[in-house]
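[1] how would this look folded up:
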Amino acid sequence: MRYDRIVSFLSALVVLAGFGSSAFAARWADALFDEHGHDFGAVPRGAIVRHPFVLNNRLAEAVSIIDVHASCGCTSGQANMSVVPPGGRATVTAQMDTRNFVGHKATTLFVTVVSSSGREAEVRFNVSSEIQSDTVLNPGAIHFGVVIKGKPTQQTLTIEHLGSIDWKLVRMASSSRVLTAKLVETARSESGVGYSLTVGVKPDVSAGIIDTEIVISTSDPATPRIPVRVTAQVIGDITATPSLLSLGSAKAGTKPRGKVLVRANKPFQIVSIEGAGEGFSVTGANDQPVRMHQLTVEYDPSKGTLRGDLKRSFKIVTDLPGEPPVEITTTLHVDP
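    Numbering: from 1, shown residues only. Below you'll find the predicted structure:
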C-alpha cells in the first residue's frame, strides 16, 4: 500500500511538472505580444475588417513565425515577416470576412513561433465582431489587383441599409493620398437607403503596394463606422517577375535556387540588393546598364540557422530616377 502511494505521488509530480513547463513555454511567447485579442465591435455584413497584433522581440535571440491559422474559415492571419531579430518588430494581421455571418462571431487565431535555440510555442488571439444584418457591403472590399502606373482605373461597391429612411453616411476619411473616392446616394425610401462608393488610383502614384482603408462614418450609433479595405499593386517603369518566388524545400546537401527577371523600359543598373544573409543570396546583376537583369536567388542551409517555413523579402535598388526599390519575396521550407 505504501509503495502504491509513493508511485501515485511521483506520477502526480511528473504530471504537474509537465503542466508547469508547458505553461512556462507558453508564457515566454505570450510576452512577445502586448495584446492577445481584439473586438471589432459592430460591423456591416460583407465588410472585411483587420487588426494588427505586434510582436516585439525582447529576447536575445531571433524568433521565427512558422505558422498562422484560424479556428474558422472566416478569419485568416498573415505575418509581414518570418524571422524577427532581437529587438525587432513584426506584425501579424488578423482579418475577418463577414460575408457569410450575422450576429456575434468569435474566432481564434493561432500563431506558432520558435526561437533560434529551439523553443516552440503557440500564441492564441481571440477575435470577435457583431455583424449587422441591416447594413450590407457588396463587395466587402476593393481589390484592384495589378495596376499600371498612369493608367486610369476605378472600382465601385454598394452600401445598403434596410429599414430606416433617416440613415445617412456623413463623412469619409483615409490616410492614403494616392486614392480618389466619391460617395453618392443612390436610393432612399421606406424600405431602405443605398449608396455607391467609387474608388480610383491617382495616375501619378508611385510603383508599389497599396493596402489601406477608407473609413465611412454613419449617423447610426449602433454602427458608427464602415471600414472599406483597398488594395492594389502598382507597377511602373520597372518590374520583377515573379515577385513571389517559391524555392520549394531545402534538404541537407542541397542549395535550392530560382530565377527572377527585373525589367524596365530603358537600360538601368542595379545599385544594391537588400535582404541577403542567413543563407540567402541574390546574384547575377549585370555590371552594365541593360533593360533586363536575370537574378538568381539561392538558399544555402549550411549558412542559415533557421528551420521550418521561411519567407525572405529583398529590395532591389536601381539607378532609375524617381523609381522606388523593387521588392521580391522568396518562400521555402527548410527541413530540420
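[2] domains for the chain, by residue range?
    Structurally, the chain divides into domains by automatic domain parsing as follows: 31-133, 139-235, 238-334.
[3] I'd like those domains laid out as CSV, including mean neighbour count and mean pLDDT.
    Placement of C-beta: from N, CA and C, glycine included. Formatted as CSV, the domains of the chain follow (neighbours: other Cβ atoms under 10 Å; pLDDT from 0 to 100):
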stretch, mean neighbour count, mean pLDDT
domain 31-133, 17, 93
domain 139-235, 16, 90
domain 238-334, 16, 87
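[4] After the strand ranked longest in the chain, which helix or strand is next?
    What stands out as the longest strand in the chain, according to DSSP state E, is strand 120-138. For strand 120-138, the following helix or strand on the C-terminal side (DSSP states H and E) is strand 141-148.
[5] Let me see the residues that make contact with that next one.
    Here strand 141-148 makes contact (Cβ atoms under 8 Å, 6 or more residues apart in numbering) with 47-48, 153, 155, 157, 199, 201, 210, 228-235.
[6] which of these lies closest to Lys251?
    Lys251 lies nearest to Gln233 out of the contacts of strand 141-148, by Cβ to Cβ, at 32.8 Å.
[7] Can you tell me the strand partners of the helix or strand hosting the closest one and which way each runs?
    Element membership of Gln233, judged by DSSP H and E, is strand 225-235. Neighbouring strands of strand 225-235 in its sheet, by DSSP bridges, are strand 141-148 (parallel), strand 208-218 (antiparallel).
[8] Helices along this protein, start to end?
    2-30 (DSSP state H).
[9] CA atoms only: put the longest strand of the chain into PDB for me.
    Provided in PDB are the C-alpha atoms of strand 120-138 (Å, rounded to 0.1, in the frame of the first residue of the first chain):
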ATOM      1  CA  GLU A 120       8.500  26.400 -29.700                       C
ATOM      2  CA  ALA A 121       5.100  27.800 -28.500                       C
ATOM      3  CA  GLU A 122       1.600  28.700 -29.800                       C
ATOM      4  CA  VAL A 123       0.100  32.100 -29.000                       C
ATOM      5  CA  ARG A 124      -3.700  32.400 -29.200                       C
ATOM      6  CA  PHE A 125      -5.600  35.600 -30.100                       C
ATOM      7  CA  ASN A 126      -9.400  36.000 -29.600                       C
ATOM      8  CA  VAL A 127     -11.000  37.900 -32.400                       C
ATOM      9  CA  SER A 128     -14.700  38.800 -32.400                       C
ATOM     10  CA  SER A 129     -17.300  41.100 -34.000                       C
ATOM     11  CA  GLU A 130     -21.000  41.900 -34.100                       C
ATOM     12  CA  ILE A 131     -22.100  41.500 -37.700                       C
ATOM     13  CA  GLN A 132     -25.100  43.700 -38.600                       C
ATOM     14  CA  SER A 133     -27.800  42.300 -40.800                       C
ATOM     15  CA  ASP A 134     -29.400  45.700 -41.700                       C
ATOM     16  CA  THR A 135     -26.200  47.100 -43.400                       C
ATOM     17  CA  VAL A 136     -24.500  45.300 -46.300                       C
ATOM     18  CA  LEU A 137     -21.400  46.000 -48.300                       C
ATOM     19  CA  ASN A 138     -21.100  44.400 -51.800                       C
END
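[10] Done for today, thanks.
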